[in-house]
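Student: need the 3D shape of this:
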Amino acid sequence: MQRATAIVRKVAVRADAIVDTIVLDHAARQAPPESLTGEGGLSLTLALAKAAAFEDGDALRLEDGRLVAIRAAGEPLLEVRAENPARLLRLAWQLGGSHVPAEIAAEVLYVPRSAAELVRGQGCAATPVTRAFKPERAAHDHSQCGHDHHDHGHHAHDHADHDHGHTHAGHDHDHGHDHGHDHGHDHAHTHSHGHDHAHAHDHAQDPAKEHGAHGHVHGPDCKHDH
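Tutor: Here you go, the predicted structure:
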């Protein structure tokens, strides 16, 4: 049995490479079965690197390079119209709230016949039809968008010049305060106030008490050069 290893989207399909056509309804295009058979009898199995939905007009590429086209099957639907466009808008809103798929055209909606009760409730006219069903896609399909959705708005910030995870001589280091100096230096530095404090001090302590830990008070008459 042939294996299909890639999906070729509609815009890139070469008509001269198509050797058969597979007809699928909307549900089967969204969740394709593992084995498929074309109208011409060609059977294949899906061997895609990543599961994906098919769109009408796409094609499957076989291992030998040939293509098998995907065509939307006709389905029993309701063609919904209304004299007042606002009624169609309200119906579309109701359908979305009920997670009912709908195909939206300029002045008409196409919906599954199972939605008949919702349609009647909005006072719209519905006519049974059989046609290919190509409903609107979800506003944001997370499985295909390619975005990284981890940690939006709660990311750990990075200071280019130092690491928040380090320890200063056994002291807890609180980055919630204002250092008032450049983060580009090593926090295990020496402060000179006219005398040596050759120790790693605790930035988290109250500034009013900071120098009290040094054994003296810096007042107007302390005679120290700051």
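Student: which residues touch the top helix by length along the chain?
Tutor: Secondary structure assigned by DSSP state H gives helix 85-97 as the longest helix of the chain. Applying Cβ atoms under 8 Å, 6 or more residues apart in numbering, the external contacts of helix 85-97 come out as 80-82, 101-102, 104, 107-109, 111, 115, 118-119, 121-124. Where you see a C-beta, it was placed from the backbone N, CA and C, and this is true even at glycine.
Student: among those, which ones are buried?
Tutor: Among the contacts of helix 85-97, those classed as buried by 16 or more other Cβ atoms under 10 Å are 80, 82, 101-102, 109, 111, 115, 118-119, 122, 124.
Student: now, the most widely separated pair of those residues?
Tutor: Using Cβ to Cβ, the two most remote members of the buried ones among the contacts of helix 85-97 are 82 and 101, lying 19.0 Å apart.
Student: can you put the buried ones among the contacts of helix 85-97 in TSV and add secondary structure, distance to residue 74 and pLDDT?
Tutor: What follows is those, written out as TSV (DSSP: H, G, I helix; E, B strand; the rest coil; distance: Cβ to Cβ, whole Å; pLDDT from 0 to 100):
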residue	secondary structure	distance to residue 74	pLDDT
80	strand	18	96
82	coil	24	92
101	coil	16	94
102	coil	17	95
109	strand	17	96
111	strand	15	96
115	helix	18	92
118	helix	22	88
119	helix	20	90
122	coil	26	86
124	coil	22	91
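Student: and which of those residues is nearest residue 23?
Tutor: Closest to residue 23, out of all of the buried ones among the contacts of helix 85-97 and judged by Cβ to Cβ, is residue 101, at 18.8 Å.
Student: contacts only, for the nearest residue to that closest one once chain neighbours are set aside.
Tutor: Nearest residue to residue 101, sequence neighbours excluded (Cβ to Cβ, 6 or more residues apart in numbering): residue 135, at 3.7 Å. For residue 135, the contact set (Cβ under 8 Å, 6+ apart) comprises 26, 101-103, 110.
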